[in-house]
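Trainee: sequence first, then the predicted structure, then my questions.
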Amino acid sequence: MIYLYLLATLFFVFGIKRLTHVRTCASGNRLSEIGMAIAIVTTLIIFSDQVNWAVLVAGIVVGSGIGLVLAKRTPTTQMPELVAALNGFGGIASALVAMAEVLKGVAANDALPAGAAARSIADAGPVGAVATLAAILIGMVTLTGSFVAYGKLSGKKLSHPLEGSARHGLHLLLGLGAIALGAWMCFSTGGATTAAMLLLAALAAVLGVFLVMPIGGADMPVVVSLLNSYSGVAAAFAGFVIDNPLLVVVGSLVGASGLILTQIMCKAMNRSLGNVLLGGMGEESVAEDARDYTNIKSAGPEEVAMLLDGVSSVIFVPGYGLAVAQAQHVVKELADLLIARGCEVRYAIHPVAGRMPGHMNVLLAESDVPYDQLWEMERINGEFKNTDVVIVVGANDVVNPAARESSGPIAGMPILDVDQARTVVVVKRSLSPGYAGIKNPLFELDNTLMVFSDAKAALEGMVKELKDL
């Protein structure tokens, strides 16, 4: 059976590898699904004499039904929230596995004959003890942290009750308390073990809430990828707890890939991983002059259509506003019209555009945008200066030239250099700031036109007017 586990691992490795490219990500998902099917069947064969088949089948039916409904009904705009929730479910699953093993040990001690020495979790060895503690702690932090992230992604205003050093002091105190409860759990027996375990789970849940609360919405892509890594690490520790090598390997793969993605997100946000782990970055505040503009040139779909008539190159820059307006299909229609007129069309993808890693890729793939039209930031930044028109749809901070300044909330953050194009069209409902809460000098540049409208309505207007030319 170990060879079947090895085969499943290979499917997971190659599946994750193919997820790194837009063109191959769909097949990467298929490979990973095959690997999971092999893993489940193999595990059922190994533990067939210990399985309650009625409970198992009921769980599969109910869980699959819930998953199918969520997948079918969740719109693209709420995909980040769904991903955050799934991270939380992964965390609680690992924590419950470890807690079940602890309760099995307590029950085994209770069944010992009178006078027999009870065994603590620590008696099984340091690896098992640390793995049990870590699976519960990280799993519960992932659960509650993920649902706080879910709330923030949904627009809920969730603020930490403390600030600065007091906040970090609280986090440190909760962390030390969790370690102390873990030690008590590992070296105690009987009811004391159960009590310590439940207190540890509760304290870890509180810690997860407080760790994510101070993080602003602009940093949610970093948080989502980090929580994904946490869920993988918790699963790996759960694998050590139940002595399942495949769970250790798969959890390690998810944990490592999530951590690598977190590093990529941090680089794209110009933040250190230490700041992410400590929390408190990207707190939601708005500068006093964030809406104070004096040189705004507005335009309507008619003027933009006339501008697009006869251009040779256009770059679309999608942002979260595109997802909110569900305008991905209309932007594809406009792009197809331009291509039919002999125009070169590309899409500039910033790593943290949207609310989760790869959000814009998923959104545009839904509209069947060709993979070769999606250009990553590093590849396309040198192309803006040779581009006739850039159309920014619902993006803000990722195109803000203020990032080039020496100080400020987004100072040093890599951005898309859209201001270097001959003409920039920004489709936005208003002059409201992005998540960074600061003014965007791009809106006042001489080569910028502002289209104040819902993204879908504005793009539909451009399509109509361009067809009439």
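Mentor: Okay, I see it.
Trainee: use CA for all of it now, contacts and neighbours both
Mentor: Noted.
Trainee: just the CA atoms of stretch 234-254, as PDB, please.
Mentor: Extracted in PDB, the C-alpha atoms of stretch 234-254 (Å, rounded to 0.1, in the frame of the first residue of the first chain):
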ATOM      1  CA  ALA A 234      -1.500  21.700  10.600                       C
ATOM      2  CA  ALA A 235      -2.300  18.800   8.300                       C
ATOM      3  CA  ALA A 236       1.400  17.700   8.300                       C
ATOM      4  CA  PHE A 237       1.500  17.600  12.100                       C
ATOM      5  CA  ALA A 238      -1.800  15.700  12.200                       C
ATOM      6  CA  GLY A 239      -0.100  13.200   9.900                       C
ATOM      7  CA  PHE A 240       2.600  12.700  12.600                       C
ATOM      8  CA  VAL A 241      -0.100  12.300  15.200                       C
ATOM      9  CA  ILE A 242      -1.900   9.400  13.400                       C
ATOM     10  CA  ASP A 243       1.300   8.100  11.800                       C
ATOM     11  CA  ASN A 244       0.100   8.600   8.200                       C
ATOM     12  CA  PRO A 245       3.100   9.300   5.900                       C
ATOM     13  CA  LEU A 246       0.900  10.600   3.000                       C
ATOM     14  CA  LEU A 247      -0.800  13.200   5.200                       C
ATOM     15  CA  VAL A 248       2.700  14.400   6.400                       C
ATOM     16  CA  VAL A 249       3.900  14.700   2.800                       C
ATOM     17  CA  VAL A 250       0.800  16.400   1.400                       C
ATOM     18  CA  GLY A 251       0.500  18.800   4.400                       C
ATOM     19  CA  SER A 252       4.200  19.700   3.900                       C
ATOM     20  CA  LEU A 253       3.600  20.300   0.200                       C
ATOM     21  CA  VAL A 254       0.700  22.600   0.900                       C
END
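Trainee: what's in contact with that stretch?
Mentor: With contacts defined as CA atoms under 8 Å, 6 or more residues apart in numbering, stretch 234-254 is touched by 5-6, 9, 12-13, 39, 90-91, 94-95, 97-98, 101, 127-128, 131-132, 134-136, 138-139, 228-229, 231-233.
Trainee: what do you get if the cut-off is 7 Å, keeping everything else the same?
Mentor: Residues outside stretch 234-254 that contact it (CA atoms under 7 Å, 6 or more residues apart in numbering) are 5, 91, 94, 97-98, 128, 131-132, 134-135, 138-139, 229, 232-233.
Trainee: do the same with stretch 123-139
Mentor: Taking CA under 7 Å, 6+ apart as the rule, stretch 123-139 contacts 91-92, 94-95, 98, 121-122, 182, 186, 201, 204, 230-231, 234, 237-238, 240-241.
Trainee: need the helices for the stretch 151-300 of the chain, in chain order.
Mentor: Applying DSSP state H, counting those that start in this stretch to the stretch 151-300 of the chain gives helices spanning 164-187, 191-212, 220-241, 245-269, 273-278.
Trainee: what mean pLDDT would you report for the last one?
Mentor: Looking back up the chat, that one is helix 273-278. Averaged across helix 273-278, the pLDDT comes to 64.
Trainee: next SSE after that helix?
Mentor: Using DSSP states H and E, the helix or strand that directly follows helix 273-278 along the chain is helix 301-308.
Trainee: show me what that next one is packed against.
Mentor: Applying 3 or more CA pairs under 7 Å, 6 or more residues apart in numbering; DSSP states H and E, one finds that helix 301-308 contacts helix 455-468.
Trainee: so how far is the helix it packs on off the chain centroid?
Mentor: Averaging C-alpha positions (CA atoms, centre = their mean, to the nearest Å) puts helix 455-468 32 Å from its chain's average.
Trainee: same deal with stretch 82-101?
Mentor: Counting by CA atoms, centre = their mean, stretch 82-101 is centred 16 Å from the centre of its parent chain.
Trainee: by residue count, tell me the biggest helix in the protein.
Mentor: Longest helix in the chain by number of residues (criterion: DSSP state H): helix 79-110.
Trainee: now do that one against helix 191-212, angle only.
Mentor: 170 degrees (axes from the mean of the first three to the mean of the last three CA atoms, to 10 degrees).
Trainee: which parts of helix 79-110 are buried?
Mentor: For helix 79-110, a neighbour-count test (16 or more other CA atoms under 10 Å) marks 79-99, 101-103, 105-106, 109 as buried.
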